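Undergrad: Next one to model:
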Amino acid sequence: MSHLAAELRTIPRNRSPPPEREVLLINGNQLEVKLARLVEVKTEDSLKIGFIVYNDMASLVSDSFIDGSLRERHSTTLNSLVVTAVLGEAKSQRLPEPVELTLRHLTYKEDSQMICVYWKFNQNSSSWSQDGCHATVSNATHTTCSWNHLTSFALIMAIKAPEPAYDGVLVVLNYVLVTFSLVCLILAVLTFLLCRSIQKATTVVHLHLSLCLFSAHLLFLVGVSRSSHRVLCSVIAALLHFLFLACFSWMCLEGIQLFLLVRNLRQVKYGSRQGVRRRYLLLLGYGAPSLVVAVAASVFAEGYGSDTHCWLSRQKGFFWSFLGPVCLIIAVNCVLFVSILWILHSQLGGLNADVSKIKSTR
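TA: From the prediction side, this is the model:
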């Protein structure tokens, strides 16, 4: 079998009677072009229509090149030969009327969906995309697609992932426990606000950590499943991104405050001013997460939200805009923890030596 099969048609402009459409058929794949509008917009003496079917291209341009949004929603695979349609000498053209292309299936599954795609050229990374094309008719053997431009085309067979089993007990338990956490967090916030005797630098960190945890849990409870509204879902995902990053930022600041406190244990006078000032705490606690979210949104805004939940997408490694800072903060806190233990060990060792010296002098 040859690697490709091609058919070329030349339609003179002065052909009488003028044909309404032209049909090209190769190996069970059919291209149908409406000629009336094309004759009006083309100025050449004749129209040249080319139809090429690649017999081995599907194994080279595999489903790994499928647009990430399709792979995220379905299990996908190429399910037709790759074909190319050209008009004249141009490689890709917008058409006054859509062309219809009928592609033969390589295989068929009853629980699958056939998606019409075209090869979207890009300098950085080309891929199969479904923009501007849709399936009009589909049966067990063929699918007819409509396109508003000419380029290379194929069919993708998408098999929806099985829906997760609904466990009513887990859902109720989730709501009950998260609600209980919210009650405890609001009590903690009220305690830090109303009890003046405990208000100091470390209390500021605890207060804002509790506020961020409360806001993040509340928004997660009521908004993470609002995926039917795309814009609202993206906003919720961005807010959750910010709030959970803010939680980890305040955890890191708490570690820094504790490190400064332990470092100054030997001093006679120490207080909240020896830690990080409040305005710097607020700047770091909320400014750093805001910067991360702003950069992430400017680089890949489509990464916020998906068809199933309002959280970060895994496309293009976008999830690392959350996981990366979190791993960094955990690493910093581990270093601070080891440093605090080392300082305490040294200071307690010196204290024991002083106590022994005092006892010996008595």
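
Undergrad: Helix or strand next in line after the host helix or strand of Ala158, which one?
TA: For Ala158, the enclosing helix or strand under DSSP states H and E is strand 152-160. Using DSSP H and E, the helix or strand that follows strand 152-160 in sequence is helix 168-194.

Undergrad: Looking at the strand holding Ala158 now, give me its mean pLDDT.
TA: Mean pLDDT, computed over strand 152-160, is 79.

Undergrad: So which other helices or strands are in contact with it?
TA: The elements that strand 152-160 packs onto, with contact taken as 3 or more Cβ pairs under 8 Å, 6 or more residues apart in numbering; DSSP states H and E, are helix 68-73, strand 74-78, strand 82-87, strand 93-104, strand 112-120, strand 142-150. Where C-beta positions appear, they are placed from N, C-alpha and C, glycine not excepted.

Undergrad: so what strands line up beside the fifth one?
TA: Each strand paired with strand 112-120, and its direction, by DSSP bridges: strand 127-129 (antiparallel), strand 152-160 (antiparallel).

Undergrad: Can you name the residues that contact Pro98?
TA: Residues in contact with Pro98 (Cβ atoms under 8 Å, 6 or more residues apart in numbering) are 146-148.

Undergrad: follow-up on the earlier one: nearest to Ile330, out of the strands paired with strand 112-120?
TA: Of all those, it is strand 127-129 that lies closest to Ile330, at 34.6 Å by Cβ to Cβ.

Undergrad: Just after the closest one, pick out the following helix or strand.
TA: Next along from strand 127-129, by DSSP H and E: strand 133-138.

Undergrad: List the buried residues in that following strand.
TA: 133, 135, 138 (16 or more other Cβ atoms under 10 Å).

Undergrad: what angle separates it from strand 142-150?
TA: Inter-element angle recorded for strand 133-138 and strand 142-150: 150 degrees (by axes from the mean of the first three to the mean of the last three Cα atoms, to 10 degrees).

Undergrad: Show the backbone phi and psi for Asp111.
TA: When quoted as degrees, to the nearest 10, the phi and psi of Asp111 stand at phi -90, psi 20.

Undergrad: pretty sure it contacts Met157?
TA: No: the pair Asp111 / Met157 is not scored as a contact, 10.4 Å apart, by Cβ atoms under 8 Å.

Undergrad: So between those two, which is more surrounded?
TA: Taking neighbours as other Cβ atoms under 10 Å, Asp111 and Met157 compare with Met157 leading, 22 against 7.

Undergrad: There's contact between the more buried one and Gln113 in this structure, I believe.
TA: Yes: using Cβ under 8 Å, Met157 is in contact with Gln113, at 7.5 Å.

Undergrad: Now tell me which helix or strand of this structure has the poorest mean pLDDT.
TA: In the chain, the helix or strand scored least confidently by mean pLDDT, DSSP states H and E is helix 68-73, which has a mean of 55.

Undergrad: Now the most centrally placed residue in the chain: closest residue in space, sequence neighbours ignored.
TA: A centroid search over the chain (Cα atoms, centre = their mean) returns Ser313, at 1.9 Å, as the residue closest to the centre. Nearest residue to Ser313 in three dimensions, chain neighbours excluded: Gly303, at 4.4 Å (Cβ to Cβ, 6 or more residues apart in numbering).

Undergrad: which residues sit in contact with the one you found?
TA: Counting by Cβ under 8 Å, 6+ apart, Gly303 makes contact with 296, 312-313, 315-316, 318, 321.

Undergrad: Which ChimeraX command selects the buried ones in those residues?
TA: Of these, the buried ones can be selected in ChimeraX as follows, counting by 16+ other Cβ under 10 Å:
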select :296,312,313,315,318,321
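
Undergrad: Turn the contacts of Gly303 into a markdown table, including secondary structure and pLDDT.
TA: Listed next are the contacts of Gly303 as a markdown table, based on DSSP: H, G, I helix; E, B strand; the rest coil; pLDDT from 0 to 100:
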| residue | secondary structure | pLDDT |
| --- | --- | --- |
| Ala296 | helix | 94 |
| Leu312 | strand | 92 |
| Ser313 | coil | 87 |
| Gln315 | helix | 81 |
| Lys316 | helix | 81 |
| Phe318 | coil | 91 |
| Ser321 | helix | 94 |
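
Undergrad: where does the stretch 51-200 of the chain dip in pLDDT?
TA: Counting by pLDDT under 70, the ranges of the stretch 51-200 of the chain that qualify are 58-75, 88-94, 123-125, 160-167, 197-200.

Undergrad: Return the backbone torsion pair for Ser225.
TA: Per degrees, to the nearest 10, the backbone of Ser225 is at phi -100, psi 10.

Undergrad: tally of neighbours for it?
TA: Neighbours around Ser225, by other Cβ under 10 Å: 13.

Undergrad: Now do the contacts for the nearest residue in space to it that is not next to it in sequence.
TA: In space, not counting the residues next to it along the chain, Ser225 is nearest to His309; the distance is 6.3 Å by Cβ to Cβ, 6+ apart. Shown in contact with His309 (Cβ under 8 Å, 6+ apart): 224-225, 227.

Undergrad: Then Ala216?
TA: Going by Cβ under 8 Å, 6+ apart, Ala216 touches 240, 243-244, 246-247.

Undergrad: name the element it belongs to?
TA: helix 201-223.

Undergrad: cool, Glu22 as well?
TA: strand 21-26.
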